[in-house]
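S.K.: just to be clear, the model below is a prediction. Sequence and coordinates:
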Amino acid sequence: MQHTGEMKGAPLTIAVATGANGSSCFFQDAGDGYGYRKGQSRTIVVTQDETGVRLDIPRNRGWQRIEAVEFVGIGAAPALVRIDGKPARDVRFDARTRRLRVALPNEGVKRIELSR
């Protein structure tokens, strides 16, 4: 990227550090101006448990889209990855970096489960 103006169209990846249960949230808005004061923003919540993550991604109103979830610290590739109960199609495991990348088919995904 040459400047921050190019970031608006760049997709984002949520990184989840494995090893403990917990939750996290992050705030997203246009990145400039004061629209957030008028509710022009969204808060994304990620909750992790022993089997995967639950995602609460509010409707996208033109901000950078969430493209994938990347699990960091995975010891081995899971036997199966499910997105909302269905087998995930675009999953990549890198044994060297111990990372598992799960592409989201859309931002409406509610749950990613990892079966060992």
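M.R.: Happy to help now that I have it.

S.K.: Arg65 is in contact with Gly9, isn't it?
M.R.: No: assessed by Cβ atoms under 8 Å, Arg65 is found out of contact with Gly9, at 9.0 Å. Placement of C-beta: from N, CA and C, glycine included.

S.K.: those two: who's more crowded?
M.R.: Set side by side, Arg65 and Gly9 show more neighbours around Arg65, with 14 against 8, by other Cβ atoms under 10 Å.

S.K.: measure the closest residue in space to the more buried one that isn't next to it in sequence to Ala103 for me?
M.R.: Spatially, and ignoring its direct neighbours in sequence, Arg65 is nearest to Pro11 (5.3 Å; Cβ to Cβ, 6 or more residues apart in numbering). Distance, Pro11 to Ala103, using Cβ to Cβ, to the nearest Å: 10 Å.

S.K.: now do the shared contacts for the two.
M.R.: Here Pro11 and Ala103 have 67-68 as joint contacts, going by Cβ atoms under 8 Å, 6 or more residues apart in numbering.

S.K.: those two: which has the busier surroundings?
M.R.: When neighbours are counted by other Cβ under 10 Å, Pro11 and Ala103 differ, and Ala103 comes out ahead with 16 against 11.

S.K.: go ahead and confirm Val81 touches Pro87.
M.R.: Yes: using Cβ under 8 Å, Val81 makes contact with Pro87 at a distance of 7.2 Å.
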